[in-house]
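Visitor: Structure for the following, please:
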Amino acid sequence: MQIKIRVVTNAKKERILRVREHLSRASGTTRDNPYEYKVYVSTPPEKGKANERVVELVAEFFKTSKRDICISSGLKSKDKTIVIDL
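Guide: Numbering: from 1, shown residues only. From the prediction side, this is the model:
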């Protein structure tokens with residue numbers, strides 16, 4: 001399974017939110033987001049610490065092990081593509 005996520009670092013509360021649509025403030029209409037989940041991590045984006053925490057949270061969320069989670073693109077970006085072996 002492949003999912004697209006957006007990562008928010010230095011968050012007060014760690015969580016994963018499913019995102020379907022986003023309400024545009026300017027036009028008041030909805031549009032599709034390029035990502036499916038928003039992942040909030042409390043760790044800073046330094047030396048891969050945030051990516052490690054993202055893998056841990058996604059593994060917990062999908063009830064699988066960390067070794068089944070792979071960040072396939074976006075290692076240095078907020079927008080990431082993650083592959084999950086279920």
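Visitor: what mean pLDDT would you report for the one helix or strand E56 maps to?
Guide: Applying DSSP states H and E as the criterion places E56 in helix 49-61. In this model, helix 49-61 has an average pLDDT of 96.
Visitor: any residues touching it, and which ones?
Guide: 5, 7, 9, 14, 16, 39, 41-44, 65-66, 68-69, 71, 75, 80, 82, 84 (C-beta atoms under 8 Å, 6 or more residues apart in numbering). (Glycine included, C-beta is placed from N, CA and C.)
Visitor: Buried ones among these?
Guide: Neighbour counting by 16 or more other C-beta atoms under 10 Å classes I5, V7, T9, E14, I16, V39, V41, T43, I69, I71, K80, I82 among these as buried.
Visitor: Does the third one touch K38 like I think?
Guide: Okay, so that is T9. No. T9 is not in contact with K38 according to C-beta atoms under 8 Å; the separation is 11.9 Å.
Visitor: if we can go back for a sec, now the buried ones among the contacts of helix 49-61 in a markdown table, with secondary structure and pLDDT?
Guide: Listed next are these as a markdown table, based on DSSP: H, G, I helix; E, B strand; the rest coil; pLDDT from 0 to 100:
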| residue | secondary structure | pLDDT |
| --- | --- | --- |
| I5 | strand | 94 |
| V7 | strand | 96 |
| T9 | coil | 95 |
| E14 | coil | 96 |
| I16 | strand | 95 |
| V39 | strand | 96 |
| V41 | coil | 97 |
| T43 | coil | 95 |
| I69 | strand | 96 |
| I71 | strand | 96 |
| K80 | strand | 95 |
| I82 | strand | 96 |
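Visitor: Including distance to E56, could the residues you listed go into a markdown table?
Guide: Shown next, in a markdown table, are the buried ones among the contacts of helix 49-61 (distance: C-beta to C-beta, whole Å):
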| residue | distance to E56 |
| --- | --- |
| I5 | 13 |
| V7 | 13 |
| T9 | 14 |
| E14 | 9 |
| I16 | 11 |
| V39 | 10 |
| V41 | 9 |
| T43 | 10 |
| I69 | 9 |
| I71 | 12 |
| K80 | 14 |
| I82 | 12 |
